[in-house]
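> Mind folding the following:
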Amino acid sequence: MDRPVTSAAPFAFDVLGRAPDVEAENLQAYDSADRLLLDTAADDLAAAESGTVSVIGDAYGALTLGAAALHGLHGLRVQQDPLSGELALDANARDLGLGDTYSHHGLDRSLVAGARLVLLRLPRSLDALEEIAAVIARDAHPEVCIYAGGRVKHMTTAMNDVLGRYFGSVTAGLGRQKSRVLTVSVPLPETERPEPRFPLAAAYDVGLPVPLQLRARGAAFGGAALDPGTRFLLPHLAQARPAAEVVDLGCGNGAIAAYLALTRPEVRVLASDQSEAAVASTALTLEANGVAGNAVVRRADALSWLSDASQELVVLNPPFHIGATVHAGIALKLFADAARVLKPGGELWTVWNSHLAYKPALNRLVGPTRQVARNPKFTVTVSTAR
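Residues are numbered from 1 along each chain as shown. From the prediction side, this is the model:
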């Protein structure tokens, strides 16, 4: 039988912001799935002891701050893959006077050890969901209850199957405002759960003497696959200017960083991404290729960790979405920050889906931009900083 949905006291969702992520009229810091999750879990949240609740995948703090404000909870343990989500949560918490109610954690034992209640925004990636399920089943309290919610258009029955590999009970609640919550409990014994499969691993022939090894955590975009845009870009990087350091902006699973370290052993690669899973994946990929000593990997908001006019070469395969929303704003932000850190005459090499037509934006934000290569789907350009 479906668990009844209760209504919590009002919470000012509208005051939540997204910064430093892109702010726009069509982009909110919360959605109906956040509201439904808090309503569905309201009775358990009201009864929960501080320190026993974990929140996973909170976009900008709606779940964490809602649980704290509505139910007086402290000691909330929170995991957000994007750094922009962490920074937005912190900013929203300061504004609401709730900065002492939670702590940030990675996707590891510290996040869920002994947890009896987990609020989970369902990721779109089944690999990401499986890694989360494995951590909770292994480390949370045996009587843990998970409320896993999302927008119906992003949910599939395959999610139930993934959760069912790790838990004995998975039930779907009633939909509301195009959102739904799964209630999950009864962790299966270790002997009945799948063998650990993360990090994912693959190898690709990219014209080097040995295959390029890729490794990926569950939430890394594209997993351990070689992105087709990246594959198109790699051989053209031989034309890029010499530099003592090369920046891989938005390093993903580390394919570009590892390729640069292998083909330019004399340089230091500076790789960064705002995704916790991407940074971990890049570090694993560099290690698998034997070039970890040639690189520095940092989780950062764009290139905030690098000084103005400090670099000669930046390489970028920009994302074209923010979460589940297709939006050009994130690419424009990355172009602008690449321009900030480039010395005059420095180069930004990038590959993008041709239909996005980024060349005018690159000319404006970075400097004169020429097309290096193009196929039916992708365009490679090099922009020279002013």
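
> On the C-terminal side of the helix or strand bottoming out on mean pLDDT in the chain, identify the next helix or strand.
Here the helix or strand of the chain ranked lowest by mean pLDDT, DSSP states H and E is strand 325-326, holding a mean of 46. Using DSSP states H and E, the helix or strand that follows strand 325-326 towards the C-terminus is helix 329-341.

> Next secondary structure element downstream of that following helix?
strand 342-353.

> buried stuff in that next one?
Leu342, Gly346, Glu347, Leu348, Trp349, Thr350, Val351, Trp352 (16 or more other Cβ atoms under 10 Å). C-betas here are computed from N, CA, C, even on glycine.

> Please name the residues that touch the first one.
What that stands for is Leu342. Listed by Cβ atoms under 8 Å, 6 or more residues apart in numbering, the contact set of Leu342 reads Ala309, Gln311, Glu312, Val314, Leu348, Val366, Ala385.

> contacting residues around the third one?
Spelled out, it's Glu312. Here Glu312 is in contact with Arg241, Pro242, Ala243, Ala244, Glu245, Leu342, Lys343, Gly345, Gly346, Glu347 (criterion: Cβ under 8 Å, 6+ apart).

> Same question for the fifth one.
For Leu348, the contacting residues are Val314, Val315, Leu316, Phe335, Ala338, Ala339, Leu342, Leu362, Val366, Val382, Ser383, Ala385, taking Cβ under 8 Å, 6+ apart as the criterion.

> could you pull out the strands for the stretch 1-150 of the chain?
53-56, 76-79, 102-104, 117-121, 145-151 (DSSP state E, counting those that start in this stretch).

> avg pLDDT for the second one?
Taken as a whole, strand 76-79 carries a mean pLDDT of 98.

> distance of the spatially closest residue to Arg264 that is not a sequence neighbour from Glu312?
Using Cβ to Cβ, 6 or more residues apart in numbering and skipping the chain neighbours, the partner closest in space to Arg264 is Val246 (6.6 Å). Val246 sits 8 Å away from Glu312, going by Cβ to Cβ, to the nearest Å.

> burial count for Thr183?
The number of residues packed near Thr183 is 19, by other Cβ atoms under 10 Å.

> ok now do it, which residues does it touch?
Contacts of Thr183 by Cβ under 8 Å, 6+ apart are Arg3, Thr40, Cys145, Ile146, Tyr147, Ala148, Ser169, Val170, Thr171, Ala172, Gly173.

> Out of those, the closest to Leu126 would be?
Nearest to Leu126, judged by Cβ to Cβ, of the contacts of Thr183 is Ala148 at 12.9 Å.

> Pretty sure the closest one sits against Ser185.
No: applying Cβ atoms under 8 Å as the test, Ala148 and Ser185 come out as separate, 10.9 Å apart.

> In terms of neighbours, single out the busier of these two.
More neighbours surround Ala148 than the other of Ala148 and Ser185, with 27 against 15 (other Cβ under 10 Å).

> for that one, which residues make a bridge with it?
Note on Ala148: beta-bridge partners by DSSP bridges are Leu120, Leu182.

> what do you get for Val314?
Val247, Leu348.

> Pull out the buried residues from stretch 111-131.
In stretch 111-131, counting by 16+ other Cβ under 10 Å, buried: 111-112, 115-123, 125, 127-131.

> sec struct for Ala202, please.
Here Ala202 is strand, with the state taken from DSSP: H, G, I helix; E, B strand; the rest coil.

> quick one, what contacts it?
Applying Cβ under 8 Å, 6+ apart, we find Ala202 in contact with Gln213, Leu214, Ala224, Ala225, Leu226.

> For the residues you listed, work out which two are farthest apart.
For the contacts of Ala202, with distances taken as Cβ to Cβ, the pair at the greatest spread is Gln213 and Ala225 (12.8 Å).
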